[in-house]
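*Asks:* Sequence and predicted structure, then a few things I'm wondering about:
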Amino acid sequence: MISDGDLQSSLKIRSRYNGHYSCMTLPRLASRLAKTMTPADIPTLSQLYRHDHTNALNPTKPKYEFTKQLNDRVSIWRGDITELEADMIVNAANSSLLGGGGVDGAIHRAAGKHLLEECKKLGGAQTGETKFTAGYNLSSKKIAHTVGPVYHSHPPQRAAQLLKSCYQSSLEGCRDSGGGVIGFSSISTGVYGYPIKDATHIALETTRQFLEQDDSITRVIYVVFSKRDEDVYREIIPQYFPPDPEHGHGSV
């Protein structure tokens, strides 16, 4: 039996998210929201640097200058991207856009059958291309489906260009749909074989250059699944989003 209070709460939540939870029953909606991770729950780089008491210095010289305003807009989070509340999440899709293994399959399962129905109308996508759908049962309003390169199917320079296109087109799509919060899964670093460190450099540099020119995206959250990937991001990110040099903390 659903109480009047539960019903009113459900209606308020659905209104808040522009009705994109409307296809969910109230029990499923309650279960989804109980698992939701909000951007406010995830520390920014500025917060991580501020609370880093290890004094571990990254020996690599930063490629960019310290900019607090940018560090306030970037986060790393190890968790389940299907539980992230965002304006857009980025799915590491295959060229069919019809779902697959890994994060692609997880997103399709969590979003529900209506996502597959919309994806069938998109006609697939080329490597380096991104197409967009609604988020359906996810805590994200929209999904960017981007097709990363299979690393050994391209010369290294071409693979890098294609991977950069995935990040660039996803960021542009988020900007064009109103900006806000975007969550990235790690693109091409699973079965597609892209070396995680090389891919992380591309992800971070593309993001840094984009955020320097655009302020519509209020938060970029790199969502990693494994401790290995988290460690790589924490090692490399100070090169692109360095801490305040006066504080002397060079890792997160």
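*Replies:* Thanks, I have the structure now.

*Asks:* What distance do you get for residue 109 to residue 102?
*Replies:* As judged by C-beta to C-beta, to the nearest Å, residue 109 and residue 102 stand 11 Å apart. To be clear about C-beta, it is placed using only N, CA and C from the backbone, and glycine gets the same treatment.

*Asks:* Distance from the helix or strand hosting residue 70 to the middle of the chain?
*Replies:* For residue 70, the element it lies in under DSSP states H and E is helix 68-71. Remark: helix 68-71 is offset 18 Å from the chain centroid, using C-alpha atoms, centre = their mean, to the nearest Å.

*Asks:* what does it contact?
*Replies:* Helix 68-71 has contacts (C-beta atoms under 8 Å, 6 or more residues apart in numbering) with 44-46, 49, 208, 211-212, 241, 243-244.

*Asks:* What helices and strands are in contact with whatever helix or strand comes next after it?
*Replies:* Note on helix 68-71: by DSSP H and E, the next helix or strand toward the C-terminus is strand 74-78. Counting contacts by 3 or more C-beta pairs under 8 Å, 6 or more residues apart in numbering; DSSP states H and E, strand 74-78 packs against helix 45-50, strand 217-224, helix 227-240.

*Asks:* from those, which stretch is densest packed?
*Replies:* With neighbours defined as mean count of other C-beta atoms under 10 Å, the helices and strands packed on strand 74-78 peak in mean count at strand 217-224, which reaches a mean of 22.

*Asks:* Off-centre distance for it?
*Replies:* That offset, for strand 217-224, works out to 5 Å (C-alpha atoms, centre = their mean).

*Asks:* Sheet partners, orientation included, of it?
*Replies:* According to DSSP bridges, strand 217-224 forms sheet pairs with strand 74-78 (parallel), strand 180-184 (parallel).

*Asks:* more neighbours, residue 109 and residue 102?
*Replies:* Each of residue 109 and residue 102 has its neighbours counted (other C-beta atoms under 10 Å); residue 102 has more, 17 against 13.

*Asks:* Next, work out how far apart the more buried one and residue 196 are.
*Replies:* On the measure of C-beta to C-beta, residue 102 and residue 196 end up 14 Å apart.

*Asks:* and what of residue 74?
*Replies:* Using C-beta to C-beta, residue 74 is found at 18 Å from residue 196.

*Asks:* all helices in this protein, in order from the N-terminus.
*Replies:* If DSSP state H is used as the criterion, the helices of the chain fall at 4-16, 26-35, 45-50, 68-71, 102-111, 113-120, 156-176, 196-213, 227-240.

*Asks:* Just the buried positions in stretch 195-209, please.
*Replies:* For stretch 195-209, a neighbour-count test (16 or more other C-beta atoms under 10 Å) marks 196, 198-209 as buried.

*Asks:* Am I right that residue 77 is in contact with residue 223?
*Replies:* Yes - here residue 77 reaches residue 223: they are 5.5 Å apart, a contact under C-beta atoms under 8 Å.

*Asks:* between the two, what contacts are shared?
*Replies:* Joint contacts of residue 77 and residue 223 (C-beta under 8 Å, 6+ apart) are 84, 183.

*Asks:* so where is this structure shaky, pLDDT-wise?
*Replies:* For the chain, the stretches with pLDDT under 70 are 1-35, 52-59, 247-252.
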